[in-house]
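Trainee: Any chance you can model this:
(one chain, ligands or ions: 2)
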Amino acid sequence: MSEQEAAFTRQADGQLAVDGLPLKTLAERYGTPLYIYSDAALTRNWQAFARHWPAPHRLCYAVKANSNLAILQRLAQLGAGFDIVSGGELARVLAAGGDAAQVVFSGVAKSVTEITQALTAGIGCFNVESLAELDRINAIAADLGCIAPVSLRINPDVDAQTHPYIATGLKANKFGIAMDDAVASFVYAASLAHVKVVGADCHIGSQILSVDPFLDAAQRMLDLVAELARRDIPLQHLDMGGGMGIQYQQEAPFALAEYLQRLQALVKEQQPHLTLMLEPGRALVGNSGVLVTQVEYLKRSADKCFALVDAGMNDLVRPALYQAWHDIVPVHASTEPQATLVDVVGPVCETGDFLGHARHLAVKAGDYLAVMNAGAYGFTMASNYNTRPRAAELLVRAGQAHVIREREELQQLWKDERLLP
Ligand SMILES: Cc1ncc(COP(=O)(O)O)c(C=O)c1O
Ligand SMILES: N[C@@H](CCCC[NH3+])C(=O)O
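Mentor: Ligands and ions are numbered 1, 2, ... in the order given. Predicted structure coming up:
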């Protein structure tokens, strides 16, 4: 967000550093590709929310953005709840010391196993995405002899004006229950013996740069809350999801404080008893991480120059998947005098395997590059495509680098595979 300071800064000697540690030194010591996160940035991002979000309002960090245990641990220490989308994410939150009661469970296709696991752990709330799911939760809770706290995810049908693959609040999207069906769905939920309706939620998309779609969605949700109150279905909380955008290139995201304050003002005016919840992912972790990669080769032809680097779409898929822009900068001042237009591409056998096209870079083989703002949806979307071990992850805290995930070993990649007898 606009008020967030950069954690990765250029020192007087030309080195890009985090907390005074040059990234080049870290890359040489731990190898590349290497994800490096800044605890100071994470903490600052958290505080940018927390400052304007007094209790009892709550923040449930969207685990999918970056689910490393140490990141979850730090956020739990800062006071975060968690928004999860799988039993795996729930297990991670618990392993990191998170409180099950502060967990909300989103996701369109929760399995019997996952619902059972979540009820047994005592999670705070299911964000239910369909009536079929509601029936399943009710039946499992009946078997377990408990009552499941539920919120219904309503699709407010607002256009978040973001990339079509990460817009989620339109009628055409697979998420949530249509606003037209919302009242009837709540009436049905309230009639079930083993669920307790505690809230309503929505999530209109990701990387949203204007506050208007959020406030538009909030007003629609508040109208629904008012209608439900008239029908004697009082709600305790309204969860407006995540989606707050960050600056990757020239975008100008809205001021976070403005959104948080205007949202609270709306609620205070119309439904003062409601607790508000948000599920930020990217806005907490996006700018707190970089992916460091080394240039293996330069390949020049008459009209093209490729920097072939050791990180690929399997390490950071966002450019390939969404044509997303990430700044790519040298980690240290290059001895190459001439900046040229370079396509920064990975080793994966796909034409779509690129990190950045036509970048102005002074670069030579052996140089390290930092792919910026890679803290969200970076490592969590990484794969082993082309039998490439996933990168190591470091968290720098108070000037010290901690390995928070070891680089994968090749043997780990096929340890569960079996040759035929
Ligand atoms: C239900 C839900 N909540 C929260 C998030 C987090 O979104 P963001 O990282 O854009 O804040 C997502 C992902 O878009 C989501 O689907
Ligand atoms: N993975 C997407 C965000 C989608 C979030 C999923 N609800 C990204 O990298 O931008």
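Trainee: residues from the stretch 251-400 of the chain in reach of ligand 1?
Mentor: The stretch 251-400 of the chain has residues E279, P280, G281, R282, A283, A376 near ligand 1, with proximity defined as C-beta under 6 Å from any ligand atom. Quick note: C-beta positions are derived from backbone N, CA and C, even for glycine.
Trainee: What is the nearest of these to S106?
Mentor: E279 (7.4 Å; C-beta to C-beta).
Trainee: Now do that closest one against ligand 2, distance only.
Mentor: Distance of E279 to ligand 2, computed by C-beta to the nearest ligand atom, to the nearest Å: 9 Å.
Trainee: what number of residues lie near that residue?
Mentor: 27 (other C-beta atoms under 10 Å).
Trainee: One more: T9?
Mentor: Neighbour count for T9, taken as other C-beta under 10 Å: 12.
Trainee: Could you list the buried residues of stretch 350-369?
Mentor: Across stretch 350-369, burial judged by 16 or more other C-beta atoms under 10 Å covers D353, F354, L355, G356, R359, L361, V363, D367, Y368, L369.
Trainee: In helices only, show me the residues of the stretch 251-400 of the chain next to ligand 1.
Mentor: R282, A283 (DSSP state H).
Trainee: As JSON lines, the residues of the stretch 251-400 of the chain next to ligand 1 with pLDDT would be great.
Mentor: Output for these, formatted as JSON lines (pLDDT from 0 to 100):
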{"residue": "E279", "pLDDT": "98"}
{"residue": "P280", "pLDDT": "98"}
{"residue": "G281", "pLDDT": "98"}
{"residue": "R282", "pLDDT": "98"}
{"residue": "A283", "pLDDT": "98"}
{"residue": "A376", "pLDDT": "98"}
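Trainee: which bits of the stretch 201-350 of the chain sit near ligand 2?
Mentor: Contact residues (C-beta under 6 Å from any ligand atom) of the stretch 201-350 of the chain with ligand 2: S206, Q207, R318.
Trainee: how about a cut-off of 8 Å?
Mentor: H203, G205, S206, Q207, G242, G281, R282, V317, R318, L321, Y322, A324 (C-beta under 8 Å from any ligand atom).
Trainee: Check the residues you listed and tell me the two furthest apart.
Mentor: Among these, H203 and V317 lie farthest apart (C-beta to C-beta), at 21.1 Å.
Trainee: Of the two, which one has the most company?
Mentor: A side-by-side neighbour count of H203 and V317, using other C-beta under 10 Å, places H203 first with 26 against 20.
Trainee: Contact partners for the more buried one?
Mentor: Going by C-beta atoms under 8 Å, 6 or more residues apart in numbering, H203 touches S106, R153, T168, G169, F175, G176, M240, G241, G242, G243, E279.
Trainee: any idea which helix or strand carries it?
Mentor: Per DSSP states H and E: H203 is located in neither a helix nor a strand.
Trainee: which of the contacts of H203 are buried?
Mentor: By 16+ other C-beta under 10 Å, the contacts of H203 give S106, R153, T168, G169, F175, G176, M240, G241, G242, G243, E279 as buried.
Trainee: from the residues you listed, which ones fall inside strands?
Mentor: Within the buried ones among the contacts of H203, residues falling in strands by DSSP state E are R153.
Trainee: Next, the nearest residue to Q11 once chain neighbours are set aside: secondary structure please.
Mentor: Closest residue to Q11 apart from its sequence neighbours, by C-beta to C-beta, 6 or more residues apart in numbering: A17 at 5.0 Å. Using DSSP: H, G, I helix; E, B strand; the rest coil, the structure places A17 in strand.
Trainee: Please name the residues that touch A17.
Mentor: Contacts of A17 by C-beta under 8 Å, 6+ apart are F8, T9, R10, Q11, L23.
Trainee: most neighbours, which of those residues?
Mentor: Counting by other C-beta under 10 Å, top hit in the contacts of A17: L23 with 25 neighbours.
Trainee: show me what contacts the residue nearest to A65 when sequence neighbours are not counted?
Mentor: Distance criterion C-beta to C-beta, 6+ apart; nearest residue to A65, sequence neighbours excluded, is G281 at 3.1 Å. Taking C-beta under 8 Å, 6+ apart, we find G281 in contact with Y61, A62, V63, K64, A65, N66, D83, S206, G242, A376, Y377.
Trainee: Look up which residues are beta-bridged to the first one.
Mentor: Read it as Y61. Beta-bridge pairing of Y61 under DSSP bridges involves F82.
Trainee: how close does it get to ligand 1?
Mentor: Relative to ligand 1, and taking C-beta to the nearest ligand atom, Y61 is found at 9 Å.
Trainee: Equivalent analysis for the fifth one, please.
Mentor: When distance is defined by C-beta to the nearest ligand atom, A65 is 5 Å away from ligand 1.
Trainee: Could you pull up the residues touching that residue?
Mentor: By C-beta under 8 Å, 6+ apart, the contact set of A65 is G281, R282, L284, V285, G286, G375, A376, Y377, T380.
Trainee: Now do the phi/psi pair for it.
Mentor: phi -70, psi -40 (degrees, to the nearest 10).
Trainee: in what helix or strand does T9 lie?
Mentor: strand 8-10.
Trainee: pLDDT of that strand, averaged?
Mentor: Across strand 8-10, pLDDT averages out at 95.
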